[in-house]
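Asks: What would the 3D arrangement of this be:
(one chain, ligands or ions: 1)
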Amino acid sequence: MRGRAIVLMGFMGTGKSEVGRRLAQRLGRSFVDTDQLVEERAGKRVAAIFAEDGEPVFRGFEREAVIDAAGRKSVVVAVGGGAVLDPENVRHLQESGILIHLTARPEIILGRVGDAKSRPLLREDPRGTVARLLAERGPVYAAAADITVDTSERTADEVVGEIQSALARSERWKSST
Ligand code: S3P
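Replies: Next comes the predicted model:
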């Protein structure tokens with residue numbers, strides 16, 4: 001899979017962007033974050049798109065961002081936590097490379113998302129919403145994943161090391177490099 005994408009997906013607060021940036025740096029790849037692509041295209045922050053245009057408009061931008069990111073060579077991609085709920089997005093990402101699911105326990109997620117201001121879905125009742133969305137989305141993430149790495153008690157650099165070891169063990173990754 002030389003040239004193929006390494007895609008980080010999973011729930012908000014699992015460290016996709018931070019880990020992705022560091023992994024890309026370590027591998028000499030470029031890093032692309034679909035939320036960032038959305039913000040560039042929309043000319044405003046994700047929270048503003050949700051507030052002013054609504055979630056369906058955000059999901060439309062996100063779909064374009066996934067296609068854009070999945071088409072790039074030798075990248076590490078971090079996708080927003082809801083991106084893989086769309087089966088078409090999963091198809092594009094699976095065709096582009098390998099999918100790594102980052103997980104974390106609910107209390108760790110709640111600690112990392114802080115006051116949740118920049119996470120429109122967690123504005124109200126963050127604790128209840130995290131529990132509900134994790135229950136709804138867990139099976140979807142698991143079904144899409146080639147590799148799963150828990151980030152709960154790990155630093156971003158430790159997670160990067162775990163991902164590198166998992167890739168070195170992955171038949172799917174090795175068979176195409
Ligand atoms: C979302 C996650 C966010 C962002 C948007 C919706 C979700 O990205 O795309 O707020 O549906 O889980 P992060 O997972 O990077 O926080």
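Asks: is the ligand contacted by the longest helix along the chain?
Replies: Looking across the chain with DSSP state H, the single longest helix is helix 126-144. No - no part of helix 126-144 sits near the ligand under the criterion Cβ under 6 Å from any ligand atom; the closest distance found is 7.0 Å. Placement of C-beta: from N, CA and C, glycine included.
Asks: which other helices and strands contact the helix or strand just after that helix?
Replies: Once the chain leaves helix 126-144, the next helix or strand it forms, by DSSP states H and E, is strand 147-150. Under the contact criterion of 3 or more Cβ pairs under 8 Å, 6 or more residues apart in numbering; DSSP states H and E, strand 147-150 touches strand 97-103, helix 156-169.
Asks: Among the ones you listed, which comes closest to the ligand?
Replies: strand 97-103 (9.7 Å; Cβ to the nearest ligand atom).
Asks: Show the secondary-structure elements that the closest one is packed against.
Replies: strand 5-10, helix 126-144, strand 147-150, helix 156-169.
Asks: for those, which one ends up most surrounded?
Replies: Stretch with highest mean neighbour count among the helices and strands packed on strand 97-103: strand 5-10 (a mean of 27; mean count of other Cβ atoms under 10 Å).
Asks: That one pairs with which strands, parallel or anti?
Replies: Sheet pairing of strand 5-10 (DSSP bridges) gives strand 75-78 (parallel), strand 97-103 (parallel).
Asks: which of the ones you listed sits most buried?
Replies: Most buried of the strands paired with strand 5-10 by mean neighbour count (mean count of other Cβ under 10 Å) is strand 75-78; its value is a mean of 28.
Asks: Look up how far residue 128 lies from the nearest residue to residue 148 once chain neighbours are set aside.
Replies: Spatial nearest neighbour of residue 148, excluding adjacent residues (Cβ to Cβ, 6 or more residues apart in numbering): residue 101 at 4.4 Å. For residue 101, the distance to residue 128 equals 23 Å [Cβ to Cβ, to the nearest Å].
Asks: go on, residue 22?
Replies: 32 Å.
Asks: Tell me which residues of the worst-scoring helix or strand of the chain on mean pLDDT come out buried.
Replies: Every helix and strand of the chain was ranked by mean pLDDT, DSSP states H and E. The lowest is helix 171-174, at a mean of 88. Neighbour-count burial for helix 171-174, counted by 16 or more other Cβ atoms under 10 Å, picks out residue 173.
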